[in-house]
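Chemist: Provided below for reference: sequence and predicted model.
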Amino acid sequence: MSRRPVFLALASAGVALAVISVPSLAVAAPGDPGAPRYSAGADGAGDPYFPLAGNGGTDVQHYDLALDYAPPAPAPAPLEGHLEAVATIDLVATQDLDRFNLDLRGLTATAVTVNGKRSAFEQSANELVVTPRPKLKTGAEARVVVSYGGTTTRPTDIEDALYGWVTTRDGAMVVSEPDGSATWYPVNDHPTDKATYTFEITVPEGLVAVANGVLTDTQTTAGTTTWSWNAPDPMAAYLSTASVGDYEIDEYVAANGTPIFDAVDPTRLGAPTADLALTSEMLVFFEGLYGPYPFVSYGAIVDDDSVGYALETQTRSFFSRNAREGTVAHELAHQWMGDHVSPERWADIWLNEGWATYSTWMWNEHRGRATANESFDDFMSTPADDPEWDFVVADPQPLGLFAGPVYDRGAATLHALRVKIGDDAFFELAQAWVARFGGATASTTDFADLAEEVSGEQLDAFFTAWVYTPEKPVDW
């Protein structure tokens, strides 16, 4: 993500609605009469920054989202849309479950089935709690079908940053970092549970619905068009999108062979998006640094409305109003660093933003501007008493996820590491990072361990100084 003027925090609560409540009975485990065999999955994935993001007890394999969306009527009608949807979720139980949670906020579930059988469920502000019968044993596969819907608005976090399903007059901007996917579908909303996706998005004829992956079909009947998308690469929920708008479409094949699908608001054609034309050259450049592009396609969504930031939605980066060269490079680099390799916990976000920012430094050098070393020196010229240094990069706290040091000190950390271990080891490390953890998640500890493995050096003092100590590094 390119930096926001405000910080994201925990999502604001939706309207609580109890739909069906059926108490579950604990069943004693064989050989241990005092311990229940079945229990509830946790209501969070265990991330201390966002306790209710994600869930325990399940591993989602695939989401199929059928979304029927009516954008707002023309002004002066309220800026509210309407969504009717069915989510078909294939998951595996990772414990013996008598009930499990999905994150869902601001929309109302009306029916749930598990393996074809109607299931009792409850809904609160952030959680949809499903009680399957029969219960699910560890390793059991389940197909969960949730019918849901309601009015869409412009959700924000407690810092008033727009995210999730953001309703616009001509459609919706859908950008969900860090936990906004729950505003538009029932989900295990944490990067540690990646899944594949398919989308069928039905909108009024004349509008374009853009999602992740590759466009597989369009069908127009009775004044509506259904846009079908397939995203076969594992994806963290916050990177999914289903943006709708009055877009012009540009499809081509980049120099590295990647299919490109750009969707741009007609008012942003020309100068505001001219830098998108550099995408092909950027793909070749970043492949040289990080290895083959990891996904089936790429492209951009450029909307005339604004959420105030860009986001690296997987395979289809999102830009508010302008897609400037530096931001285009930043979001493309994220496809390797943040999308393919995602943060184990949100405290690890510097590995997303530091790599993307450093990638832009290296791109600028490639284009004949300041070298990466000059960008590093410029950053290090910041006085030691500047608040920039009073920050723990590897533990930014929920209100600091998108603070400047996460980006700039994160990038400087990588350049300092490059200088310390040398170019050969550094770029071997970059490619090993992608190869080893691609398709999954990784932590700051994983990165430090891999850096030591690749370089053969002991780097505790380095990482202590750069990402764990809230002061300007002077000796590492």
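Modeler: Yep, that arrived.
Chemist: Show me where the stretch 101-250 of the chain has its strands.
Modeler: 108-114, 117-118, 120-123, 127-131, 141-152, 164-168, 171-175, 195-204, 208-211, 214-221, 224-235, 242-245, 248-253 (DSSP state E, counting those that start in this stretch).
Chemist: for the fifth one, packing partners?
Modeler: Packing partners of strand 141-152 (3 or more CB pairs under 8 Å, 6 or more residues apart in numbering; DSSP states H and E): strand 81-93, strand 108-114. (Each C-beta comes from the backbone N, C-alpha and C, glycine too.)
Chemist: between those strands, which one is nearest to residue 279?
Modeler: Nearest to residue 279 among those is strand 81-93; the distance by CB to CB comes to 30.2 Å.
Chemist: Pull up the pairing partners for the closest one, direction included.
Modeler: strand 58-70 (antiparallel), strand 141-152 (antiparallel) (DSSP bridges).
Chemist: So which residues make contact with the shortest one?
Modeler: Contact partners of strand 141-152, identified using CB atoms under 8 Å, 6 or more residues apart in numbering, comprise 69, 80-93, 102, 104, 106-116, 128, 130, 132, 136, 165, 167, 172, 184-186.
Chemist: returning to that earlier point: wait, which of the strands paired with strand 81-93 is closest to residue 192?
Modeler: In terms of CB to CB, the element of those nearest to residue 192 is strand 58-70, at 9.4 Å.
Chemist: Can I get that closest one as CSV, trimmed to CA atoms?
Modeler: The C-alpha coordinates for strand 58-70 follow below in CSV (Å, rounded to 0.1, in the frame of the first residue of the first chain):
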residue,chain,number,x,y,z
THR,A,58,-10.8,-23.9,10.1
ASP,A,59,-8.6,-23.7,7.0
VAL,A,60,-10.4,-22.1,4.1
GLN,A,61,-9.4,-23.6,0.7
HIS,A,62,-11.7,-21.7,-1.7
TYR,A,63,-14.2,-18.8,-1.9
ASP,A,64,-16.8,-18.7,-4.6
LEU,A,65,-18.6,-15.3,-4.4
ALA,A,66,-21.7,-14.6,-6.4
LEU,A,67,-22.4,-10.9,-5.9
ASP,A,68,-25.5,-9.1,-7.3
TYR,A,69,-24.9,-5.4,-6.8
ALA,A,70,-27.1,-2.3,-7.4
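Chemist: in that strand, what counts as buried?
Modeler: Across strand 58-70, burial judged by 16 or more other CB atoms under 10 Å covers 58, 60-69.
Chemist: cool, and stretch 355-367?
Modeler: Within stretch 355-367, the residues that count as buried by 16+ other CB under 10 Å are 355-364, 366.
Chemist: Using TSV, lay out the residues you listed together with secondary structure.
Modeler: Listed next are the buried residues of stretch 355-367 as TSV, based on DSSP: H, G, I helix; E, B strand; the rest coil:
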residue	secondary structure
355	helix
356	helix
357	helix
358	helix
359	helix
360	helix
361	helix
362	helix
363	helix
364	helix
366	helix
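Chemist: from these, which single one is nearest residue 217?
Modeler: residue 356 (32.7 Å).
Chemist: That closest one: what's it in contact with?
Modeler: Per CB under 8 Å, 6+ apart, neighbours of residue 356: 312, 330-331, 333-334, 337-338, 407.
Chemist: so which of those is the most crowded?
Modeler: Neighbour counts for the contacts of residue 356 (other CB atoms under 10 Å) peak at residue 331, which has 29 neighbours.
Chemist: Bridge partners for the closest residue to residue 227 other than its chain neighbours, pull those for me.
Modeler: Among residues not flanking residue 227 along the chain, residue 209 sits closest, at 4.0 Å (CB to CB, 6 or more residues apart in numbering). For residue 209, the beta-bridge partners are residue 244 (DSSP bridges).
Chemist: picking up where we left off before, same list (the strands paired with strand 81-93) but as CSV, adding distance to residue 464 and mean pLDDT.
Modeler: What follows is the strands paired with strand 81-93, written out as CSV (distance: least, CB to CB, whole Å; pLDDT from 0 to 100):
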stretch, distance to residue 464, mean pLDDT
strand 58-70, 34, 98
strand 141-152, 44, 98
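Chemist: The contacts of residue 356 in helices, which ones?
Modeler: The members of the contacts of residue 356 that map onto helices under DSSP state H are 330-331, 333-334, 407.
Chemist: Which one of those residues is nearest to residue 398?
Modeler: Nearest to residue 398 among those, counting by CB to CB, is residue 407 at 16.7 Å.
Chemist: so what's the closest one up against?
Modeler: With contact set as CB under 8 Å, 6+ apart, residue 407 has these partners: 3, 353-354, 356-357.
Chemist: And it, how far from residue 400?
Modeler: According to CB to CB, to the nearest Å, residue 407 and residue 400 sit 11 Å apart.
Chemist: what residue ranges in this protein are flagged as low confidence?
Modeler: Applying pLDDT under 70 to the chain picks out residues 3-36.
Chemist: where along it do the helices fall?
Modeler: Going by DSSP H, the chain shows helices at 279-290, 325-334, 350-366, 372-380, 404-421, 423-437, 444-455, 460-463.
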